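> Give me a model of this one.
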Amino acid sequence: MAIVNLTTDDFEKTVLDGGNDIVLVDWWADWCGPCKAFAPIYDAASLKNPDITFGKIDTEAERELSGAAGIRSIPTLMAFREGVLVFSQAGALPAPALDQVIEAVRGLDMREVHEKVAAQRAAADTAEGVEADRVG
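Just a heads-up that it's a prediction; the model follows:
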């Protein structure tokens, strides 16, 4: 599958709401040497895994999106499965490590992941309620 250049306008649709089971996102910049070294590895992985959506985000062009995602170092690779961020790591990966990430993401028990996310949200909502009671 071809790599998709993502922007603020299509990030949410592609990554979170687009019905794509697995989405990998490479955060990069043109001036970044490690980003340039990682690019052919990422491109090769996209060709070997046509069932995965591979996206790239130019951090210089998409500063607001990069800030919202908390990008502090590039390249940063993020993996989303069923709209849930399941992996995030700064630094260029060698091909075998990228293959391991892909296999680990494929092997996730998403029912368990969704249960954990729901539990975390419920705990956060409870904590917010307690704080609101204390303040109010």
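> For the residue positioned nearest the centre of the chain, which three-state class applies?
Centroid check for the chain by C-alpha atoms, centre = their mean gives residue 78 as the closest residue, at 2.9 Å. What DSSP: H, G, I helix; E, B strand; the rest coil gives for residue 78 is strand.
> Where is the longest helix in this protein?
helix 110-135 (DSSP state H).
> In the protein, where is pLDDT below threshold?
1, 132-136 (pLDDT under 70).
> can you give me the helices for it?
Using DSSP H, helices in the chain cover 8-11, 33-48, 63-68, 95-106, 110-135.
> Which among the ones you listed is found nearest to residue 74?
helix 33-48 (5.7 Å; C-beta to C-beta). C-beta: built from backbone N, CA, C; applies to glycine.
> and the closest one with helix 95-106, angle?
With axes from the mean of the first three to the mean of the last three C-alpha atoms, to 10 degrees applied, the angle from helix 33-48 to helix 95-106 works out at 60 degrees.
> heads up, I number from 29, so please use that
Taking 29 as the first residue, the last one we looked at is helix 61-76.
> residues of helix 61-76 that come out buried?
Buried positions in helix 61-76, judged by neighbour count with 16 or more other C-beta atoms under 10 Å: 63, 66, 67, 69, 70, 73, 74.
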